[in-house]
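In: just a sequence and a predicted model for now, questions to come.
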Amino acid sequence: METQTERVTVKTAALATLTTGVVMVDKFEGVGEAAEAVTGHPVWTHEMGKAADRAREVIPAQLPGFPMEATSENWQQVRDAAIAQFGETVEIERGTNQRRADPMTTLVETVAELRK
């Protein structure tokens, strides 16, 4: 029997924030939800970078042509073009990743990396 992948709707600009690494929304609106949709589990603030890495891995296959690059100079044009092409929201496959470690462990690891 074939299992169906759960699909979730996220804001296009929030997902583009993850894939490009450039904030394209006010007050980070919807970015946490997009990160959790991509990874399939709750994402703490210090884990956003890993969630963005995952988004850059899986989104191109799901949404061909979705923005993967932007700069501080062109982010508004990139955002507007993505919304024009894909709409205000997009439907993506919910990630099935299991956590490799609890959030406190990943926090300790992140701090250790920053101190190098």
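Out: Arrived safely. Residues are numbered from 1 along each chain as shown.

In: which helix or strand contains residue 48?
Out: helix 48-62 (DSSP states H and E).

In: buried stuff in that helix?
Out: 48, 50, 51, 52, 54, 55, 58, 59 (16 or more other Cβ atoms under 10 Å). In short, each C-beta sits where N, CA and C put it, glycine included.

In: of all these, which comes closest to residue 99?
Out: Nearest to residue 99, judged by Cβ to Cβ, of the buried residues of helix 48-62 is residue 50 at 10.5 Å.

In: for that closest one, give its distance to residue 5.
Out: To residue 5, residue 50 is 21 Å away according to Cβ to Cβ, to the nearest Å.

In: on that earlier part again, keeping just the C-alphas, turn the helix holding residue 48 into CSV.
Out: The C-alpha trace of helix 48-62 is given here as CSV (Å, rounded to 0.1, in the frame of the first residue of the first chain):
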residue,chain,number,x,y,z
MET,A,48,16.9,27.9,11.6
GLY,A,49,20.2,27.6,9.7
LYS,A,50,19.8,23.8,9.5
ALA,A,51,16.2,24.2,8.5
ALA,A,52,17.3,26.6,5.7
ASP,A,53,19.9,24.1,4.5
ARG,A,54,17.1,21.4,4.4
ALA,A,55,14.9,23.8,2.4
ARG,A,56,17.6,24.4,-0.1
GLU,A,57,17.9,20.6,-0.5
VAL,A,58,14.2,19.7,-1.0
ILE,A,59,12.4,22.8,-2.4
PRO,A,60,14.0,22.8,-5.9
ALA,A,61,12.5,19.4,-6.8
GLN,A,62,9.1,20.4,-5.4
